[in-house]
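Student: Sequence and predicted structure below; questions after.
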Amino acid sequence: MVEAFRIKGKSSLNGEVKISGAKNAALPILIATLIEKGTYILRNVPNLMDIRTLMNLLRELGLEIEKIDEDSYRIENTGIKSTEAPYELVKKMRASFLVMGPMLAHEKKARVSLPGGCAIGARPVDYHLKGFEALGAKIDISHGYVEAEVTELVGANIIFDFPSVGATENVVMAAVKAKGKTVIENAASEPEVEDLCNFLNAMGAKIKGIGTSRLDIEGVDKLFPCEYSIIPDRIEAGTFLIASIMTEGEIKIKGVDFCHLESFIMKLQEMGVKIKQDGDFIWTESKTGDLKSIKVQTMPHPGFPTDLQAQMMSLMSAVPGIGEVKETVFENRFMHIPELNRMGANIHVDGNVAIINGGQEYSGAEVMASDLRAGASLVLAALVAEGETIVNRIYHIDRGYENLEGKLSKLGAKIERIKVEV
Ligand code: UD1
């Protein structure tokens, strides 16, 4: 038996929802506690499958992790017991590969399984490895593992071919304790990368240019464990904003950093959505029928986030007119389209461009989540569909949305978690 969501469509969603901590910031920050011995307190950590998977890996490497309240953890690093991240744990989650940078900084060696492909593309780690090599590490790949070793990490100038989030985070975590200065150009500037850098600076690292495409890192001998609160999840916030528009309700979304959502909000405004903001609340009274279709192209930050592409497509299918979505970050991130089409969308794919013939009525169907954000796009379509939808393979959704059915139910959605035969 596996779990699925059963969703009855056509309820309008209203009320207040609190956004959880950002998965993609919490993961590297938890990993960064490998860099220095001592006691850390991390707050606003979301309760997600990916976080639990990572905690299992970190425990395996020697950290003690204890939950101290609903969303806070105490992490004790009394020394790394193992420098090997095995395939069984890394295959469950690509972000596990980020343990390499901290282990190189702390232990001068690491053996980490190659993550392998995933539903949204090949996702290699070549930029990570080039960065480590530039810092002086010797890299050897054999038997599906990357082995890295270094006598002393030495600062270097690194220019990434593409502003990779993971590569930037991994190399920053190695560079903070390297000898001398490291400059990373064409660095990723996503808010989650910023949050990791702010955390490292709170520990005494010397990183300048945070939030820009050039990071200047002055290596230090020692860092100091600290207490830190993770930023809110901009992708969860964006998903609820789309749910509010599609269900023609009014969801007040609490705990959002407006600046993190700028390009997404600009695109909604281009469609005709009127966004309201007060403190850390955002909401809208706009409804699908008032909107017009647009063109969207995913880009590294500050461009439109690829992690909101699938959810945006669910909305665009309901908005009258011809829309277009171009995916430029990942090569295979349109797996939600056949499933949305089964629910009544009319989307054609040509290479990395999707042409959306909007203004369609969704109808409930049995569908399958192929990855985390694809799963969210199906839930959004199901919320407004005529009749009942079963979304299968919701373990993808559980990786990155905290208590999605609980939050949606509280807003008035008819959604339940059920067990289905495989
Ligand atoms: C992170 C996010 C993910 C988000 C993505 C892009 C986490 C845990 N995940 O993934 O949710 O969708 O950023 O915003 O934070 N690439 C290479 N070689 C490399 C590294 C990357 O070719 O060494 C390519 C990838 O295949 C992809 C592109 O670069 O096409 C962007 O990937 P990257 O920014 O590294 O994404 P992740 O860090 O894996």
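Tutor: Sure thing, it's come through. Numbers count the residues shown, from 1 in each chain.
Student: Leu215 touches Gly209, doesn't it?
Tutor: Yes - using CB atoms under 8 Å, Leu215 is in contact with Gly209, at 4.9 Å. Every C-beta, even on glycine, is put in place using the N, C-alpha and C of the backbone.
Student: Now the common contact residues for the two.
Tutor: Ala187 (CB atoms under 8 Å, 6 or more residues apart in numbering).
Student: neighbour-wise, which of these two wins?
Tutor: In terms of neighbours (other CB atoms under 10 Å), Leu215 is the more surrounded of Leu215 and Gly209; the figures are 24 against 16.
Student: Next, the more buried one: secondary structure please.
Tutor: Here Leu215 is strand, with the state taken from DSSP: H, G, I helix; E, B strand; the rest coil.
Student: can you pull the buried residues of stretch 301-315?
Tutor: Within stretch 301-315, the residues that qualify as buried are 301-302, 304-315, counting by 16 or more other CB atoms under 10 Å.
Student: same question, stretch 255-274
Tutor: By neighbour count on 16+ other CB under 10 Å, the buried set for stretch 255-274 is 255-257, 260-261, 263-265, 267-268, 271, 273.
Student: Which residue comes closest to Tyr228 once chain neighbours are left out?
Tutor: Distances taken as CB to CB, 6 or more residues apart in numbering put Phe199 closest to Tyr228, at 5.0 Å, once the chain neighbours are dropped.
Student: Could you list the low-confidence segments of this protein?
Tutor: Along the chain, the model assigns pLDDT under 70 to residues 116-122.
Student: Tell me where it has helices.
Tutor: Along the chain, counting by DSSP state H, helices occupy 23-32, 49-61, 87-90, 100-107, 126-134, 165-175, 191-202, 234-246, 262-271, 309-318, 336-342, 372-384, 395-400, 404-410.
Student: Now tell me what touches the first one from outside.
Tutor: Applying CB under 8 Å, 6+ apart, the external contacts of helix 23-32 come out as 42, 44-46, 48, 50-51, 54-55, 58, 75, 95, 98-99, 102, 165, 169, 173, 190-192, 195-196, 199-200, 203, 228, 230-231, 233, 235, 307, 399-400.
Student: try the shortest one
Tutor: Residues outside helix 87-90 that contact it (CB under 8 Å, 6+ apart): 53, 56-57, 60, 96-97, 112-115, 144-145.
Student: Spatially nearest residue to Pro300 (excluding sequence neighbours)?
Tutor: Using CB to CB, 6+ apart, the closest residue to Pro300 is Pro163 (4.5 Å).
Student: do the same with Asn357
Tutor: Closest residue to Asn357 apart from its sequence neighbours, by CB to CB, 6+ apart: Asn346 at 3.9 Å.
Student: List the contacts of the one you found.
Tutor: 317, 356-358, 360.
Student: Adding neighbour count and distance to the ligand as columns, could you present these in CSV?
Tutor: Formatted as CSV, these follow (neighbours: other CB atoms under 10 Å; distance: CB to the nearest ligand atom, whole Å):
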residue, neighbour count, distance to the ligand
Ser317, 30, 21
Ile356, 29, 21
Asn357, 16, 26
Gly358, 22, 25
Gln360, 19, 26
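Student: Taking these, tell me the two that lie furthest apart.
Tutor: The most widely separated members of the contacts of Asn346, counting by CB to CB, are Ile356 and Gln360 (8.9 Å).
Student: For the residue in the stretch 101-250 of the chain positioned nearest to the ligand, which residues are in contact?
Tutor: Of all residues in the stretch 101-250 of the chain, Gly166 sits closest to the ligand, at 2.8 Å by CB to the nearest ligand atom. By CB under 8 Å, 6+ apart, Gly166 lies in contact with 94-95, 97-98, 125, 128.
Student: out of the residues you listed, which is most surrounded?
Tutor: Using other CB under 10 Å as the neighbour criterion, Leu98 leads these with 28 neighbours.
Student: tell me the contacts of it?
Tutor: 27-28, 31, 166, 169-170, 173.
Student: Repeat the analysis, applying 7 Å as the threshold.
Tutor: Shown in contact with Leu98 (CB atoms under 7 Å, 6 or more residues apart in numbering): 28, 31, 166, 169-170.
Student: circling back to that earlier point, what do Ile356 and Gln360 both touch?
Tutor: By CB under 7 Å, 6+ apart, the residues touching both Ile356 and Gln360 are Ser317.
Student: In this structure Val154 contacts Lys181, no?
Tutor: No - Val154 is beyond contact range of Lys181, at 9.8 Å (criterion: CB atoms under 7 Å).
Student: what about Glu149, neighbour count?
Tutor: Using other CB under 10 Å: Glu149 sits among 17 other residues.
Student: Look up how far Met100 lies from it.
Tutor: As for Glu149, its distance to Met100 is 11 Å (criterion: CB to CB, to the nearest Å).
Student: Thought Glu218 was touching Lys177, still the case?
Tutor: No - Lys177 is not in contact with Glu218 according to CB under 7 Å; the separation is 10.8 Å.
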